[in-house]
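Visitor: Here you go, sequence then predicted model.
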Amino acid sequence: MKLSRRKFLAASGGAFAAAVAAANLTSLKAVAESGHGDAQTGEKGEKHIASSCEMCVNKCGFYAHVVNGRIKKLNPNPRFFKSRAMLCARGNAGAEEPYNPERLKTPLVRDGERGSNKWRKISYEEAFQIVAQKLAEAKTKYENRSSVAFFSSEGLQEGSFQMLAQTYGSLNTVRHPSLCLSSTIQGWSSVYGVYPDADLANAMFVVMPGANRAEALVTPDSMDFLRYRPKGQQLVVLDPRFTNTAAKADKWYPVKPATDMAFMLAMINVIINEELYNKDFVANMTEGFDELKAHVQQYTPEWAEKECEIPADEIKWCAREFAKYAPRSVIYPGRRTSWYVDDVAFRRACAIIPALCGCWDVPGGIVPKSGVPLKNPDIMYPFYDMVEERLDVESFGEFDNNLPDDARKEAGLPTDSVAYLGEKDGSWIRFREAVLRGEPYPVKMMMVYKQNFVEAAPNRAKTLKMMEMMDFICMIDIQMSDTAFYADLVIPESTYLERWDVVHSLAGIWPIATFRQACIEPVYQTKSMFEITGGIVDEMLKIPELWDDTDEEELEYFKEDFVEAILHAPIQDYIKYQVSGFENGYEKLLKDGVIYKTDQGVYGQSAKPGYRFKTRSGKIELTNVKYPDKGLDALPVYRRARQPKDGQFRFILGRHGWNTHTGTQNNEFLWEIQKENTLWINSKEALKLGIKNGDRVVVKSSVGEQTVKAEVTEKIRPDCVFYAHGFGRVSKGMSLVYQKGASQAAILEDYIEPISGNAAMHETFVTVSKA
Amino acid sequence: MKRKAVMALTVVLILAFAVATAFAAGNERKGKRTWKKSCRTACHDGSQASNLSPVSKTQAQWKALFDAEHAKIDAAHKAKNVAIDGLQASDWEDMFEYLKGHALDSDQPETCG
């Protein structure tokens, strides 16, 4: 039998290297030897349990080594080919989570002013009763179920939380994408109809605008570009910061912020005018080439050089190399793309380049995601009378502070709505604005599952003001996050090592499905979101006024088909149903932690002539067909962004390898790596301001200020400053990072990319001075 | 399943209720309900008829099916001797709004997670 490259990597080098790296971490020794936590277990013996990680979004597979009922170590799962059988240091540090001394252990109800950190312990049963009663009060008082907003973060238990939202009937669900990647999804989908992946394992020429895969880990991309890139692969990175990804690149262009689109448009100009594009592919698979060709004539490399400060010759080189290696060339789509208010147009420009060169659905190109076929029940929730449309779909007049005062404001972008709003995701910034206005109806209660918007959303002061308007806030999390800190009721969830989670297909070029099984018993008798939903729904069913605006017969169906058949059944039954299309699927999951159809890359399904893309025209749209209907540009138009004046800096964001968003900074082992963040400031600018390395400085924007230590460096352009996410926290329940370093949310202004509804987080200008 | 066995008899009552929902927030929401109850879970989950969801067709294809007072749909069901008489005119309009709004080439964006 021929051993595939992937199997080989999984079975040998990748797993071995990851295991060696993991074994050298002091944190793992600490888990095994420190006796972390005070809970005792009566369990005896040793076992290895397959499950998946929740320390970031990648859900990498592992085998938990459990000794006497306690996690000793997490080892990478050699069958988890999506991560190339790797479990990173952050994933290894997850072994600390169940034993973290500050994790939430019991439901807490507020016993003082909001934010006073005064709590009273209650039972889960009491917590469920309180939630059900508050939901009933909201429904009775406002006669509109949408007056309760349901915020959630992604994860294998998010579906359980959405079950609760749909049981209650509110249409106001607000998910994470509009604080993350809505604009890249919209931009790439406007060309291909889908948000595709880039095949870094096989690409020969890679342009990465802004993405930082060496630190902001996304599997398999991070592993492929760091370890398994093909010999001769060239990597070009555009980033105002010299990130670790830039350090690994063949070329680093310190692009002037907000001008990346000029670089891409000039690449298109060269590819078209030098006839480097794939003529057959363009003729057969795309729509609107002639319009694009005419449009980009204005965007010469010489023009672009003046905008983006990347030499014209470099732009030409990039375009020619891209075309030379096509179809094994990619512009990397990226993930957290909440940068600028014209981000969708920029992503469109990125997406057009591989389409011109035929780099579509082939090894080394841009490839649509494939999934693992799973079965999921069609749950029929009751149909309620008292439900109003989502809050962020209506037009409420121009919002304050949402588009900067520059040429982009004249681009026909909507100022009072979102052009393409995700009906389940919503737009976080727009939603908050609508809540603050209280129009057209009040939202007065929040149910929140792990979304720490106090630190994740720009303009923290505004977020706290919104929370002050609430009659009741319930937070479900594993730790006292900043949002939990200002809640009225906090319900602990079991950590991912203590609970069962449903199966999730991780779509991509190498689709794989994973799930979670409890590796250990809950250390503090906590519950999963699935169990929490079940408990709350049971209490809701005891309150007649919660069900008086639906049909009795439908309610009976709901009780029978959902409450009894799903919520009251073990979650394992749900998992078995999901994988019932696989022979011995459930048993395979328990043993291997994963399930899949093939471990080979899936290519070519949409590269066939006649394939219908999910666009309006059915083809790859170089010129978008439907955008003009909403007054939007059919082609990416460059409009000059404002730039910081003397004494100002653009505040830019970025990620690193050891923390995920705001979720892991209070993990003791990760905290050892970074105890507080520092402000990256260019050495020449620091000199002008009399700032030395380690000085405490005040970073001030129009919405707030923070004090932080300066890190004087050559690794950032003079017109930008940067500090990492997740510090300067306001929750006293996260003592390691409480008021340590600086918060991003406190100084970010709340601009918005209004085609996708994404927050635009690189539009804030700040001043820096010595503290 | 028990529910499927009684589905045909309850469609009329359910839809009458749906029409009477004074506070219902738009036709699309009603349409989703009608679609799931009367079509998707009754037959078109692949159990008794083709596996059909909004993304199975483009907006133009849905329109073609619903044009001429859904004559093509009527004919297809009649050919298989499946009664769909319980649906009111407004139900068809609601369903069309939902299916069009979530069609293969609709404005509804892809999501994450």
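Guide: On my side now, so go ahead. Predicted model, so just to flag it, every value in this text is computed and none were measured.
Visitor: In stretch A:213-226, which residues are buried?
Guide: Buried residues in stretch A:213-226, defined by neighbour count with 16 or more other C-beta atoms under 10 Å in any protein chain shown: A:213-214, A:216-226. C-beta here means a position set from N, CA and C on the backbone, and glycine is covered the same way.
Visitor: Quick check on the residue in the stretch 201-350 of chain A positioned nearest to chain B: phi, psi?
Guide: In the stretch 201-350 of chain A, the residue that lies nearest chain B is A:R335 (8.4 Å; C-beta to the nearest C-beta). Main-chain dihedrals, A:R335, degrees, to the nearest 10: phi -120, psi -80.
Visitor: Tell me, what's the model's pLDDT at the nearest residue to it once chain neighbours are set aside?
Guide: Counting by C-beta to C-beta, 6 or more residues apart in numbering or on different chains, A:R335 lies nearest to A:L181, which is 5.0 Å off, once chain neighbours are set aside. Per-residue pLDDT puts A:L181 at 95.
Visitor: ranges for the strands of the stretch 301-450 of chain A?
Guide: Taking DSSP state E, counting those that start in this stretch as the test, the strands found in the stretch 301-450 of chain A are A:329-331, A:366-367, A:445-449.
Visitor: Of the ones you listed, which is nearest A:F472?
Guide: Evaluated over the strands of the stretch 301-450 of chain A, closeness to A:F472 peaks at strand A:445-449, with 4.8 Å, by C-beta to C-beta.
Visitor: Show me the contact partners of the next helix or strand after that closest one.
Guide: Per DSSP states H and E, the first helix or strand lying C-terminal to strand A:445-449 is helix A:453-456. When contacts are defined by C-beta atoms under 8 Å, 6 or more residues apart in numbering or on different chains, helix A:453-456 is touched by residues A:151, A:176, A:179, A:428, A:460, A:463-464, A:467, A:481-483, A:485-486, A:661-662, A:725-726, A:729-730, A:743-745.
Visitor: Of the residues you listed, which ones also sit close to chain B?
Guide: For chain B, the contacts drawn from the contacts of helix A:453-456 by C-beta under 8 Å from any C-beta of the partner chain are A:H176.
Visitor: Could you tell me which of the contacts of helix A:453-456 are located in strands?
Guide: Among the contacts of helix A:453-456, the ones falling in strands (DSSP state E) are A:F151.
Visitor: Quick check: the residue nearest to A:W658 when sequence neighbours are not counted vs A:V57, distance?
Guide: Of all residues not flanking A:W658 in the chain, A:I673 sits nearest, at 4.7 Å (C-beta to C-beta, 6+ apart). A:I673 is 20 Å from A:V57, where distance means C-beta to C-beta, to the nearest Å.
Visitor: tally of neighbours for whichever residue of chain B sits closest to chain A?
Guide: Relative to chain A, the nearest point of chain B is B:G113 (3.2 Å; C-beta to the nearest C-beta). B:G113 has 16 neighbours, counted by other C-beta atoms under 10 Å in any protein chain shown.
Visitor: A:P644 reaches A:I652, doesn't it?
Guide: No - between A:P644 and A:I652 no contact is recorded; they are 11.2 Å apart, counting by C-beta atoms under 8 Å.
Visitor: These two: who's more crowded?
Guide: A:I652 (22 against 17).
Visitor: What's the separation between the more buried one and A:Y596?
Guide: Taking C-beta to C-beta, one finds A:I652 at 38 Å from A:Y596.
Visitor: that older thread, A:I673 and A:V57: who's more crowded?
Guide: A:V57 (20 against 15).
Visitor: so what's that one up against?
Guide: A:154, A:218, A:660, B:113.
Visitor: try it again with 10 Å
Guide: Contacts were defined as C-beta atoms under 10 Å, 6 or more residues apart in numbering or on different chains; by that measure A:V57 touches A:153-155, A:176, A:180, A:217-219, A:335, A:506, A:660-661, B:112-113.
Visitor: Ok, A:M446 next?
Guide: With contact taken as C-beta under 10 Å, 6+ apart, A:M446 is in contact with A:148-151, A:172, A:174, A:435, A:453, A:466-467, A:469-475, A:483, A:487-488.
Visitor: Please pick the buried ones from those residues.
Guide: Among the contacts of A:M446, those classed as buried by 16+ other C-beta under 10 Å are A:148-151, A:172, A:174, A:435, A:453, A:466-467, A:470-475, A:483, A:487-488.
Visitor: Please, which helix or strand holds the residue nearest to A:W658?
Guide: Using DSSP H and E, A:I673 sits within no helix or strand.
Visitor: tell me the contacts of A:E154?
Guide: A:57, A:59, A:175-177, A:180, A:450-451, A:504, B:111-113.
Visitor: Test my guess that A:F289 contacts A:V282.
Guide: Yes - between A:F289 and A:V282 there is a contact under C-beta atoms under 10 Å: 5.2 Å.
Visitor: what do the two both touch?
Guide: A:272, A:355-356, A:622.
Visitor: Take those and keep only those in helices.
Guide: Among the shared contacts of A:F289 and A:V282, the members falling in helices (DSSP state H) are A:272, A:355-356.
Visitor: So which of these wins on neighbours?
Guide: A:L356 (27 neighbours).
Visitor: Show the model's pLDDT score for that residue.
Guide: Value for A:L356, per-residue pLDDT: 98.
Visitor: quick one: it and A:F281 touch, right?
Guide: Yes - assessed by C-beta under 10 Å, A:L356 is found in contact with A:F281 at 8.1 Å.
Visitor: and for the two, which residues touch both?
Guide: Shared contacts of A:L356 and A:F281, counting by C-beta under 10 Å, 6+ apart, come down to A:326, A:620.
Visitor: returning to what we had before: contacting residues for the residue of chain B closest to chain A?
Guide: A:57, A:152-156, A:158-159, A:175-177, A:180, A:425, A:504.
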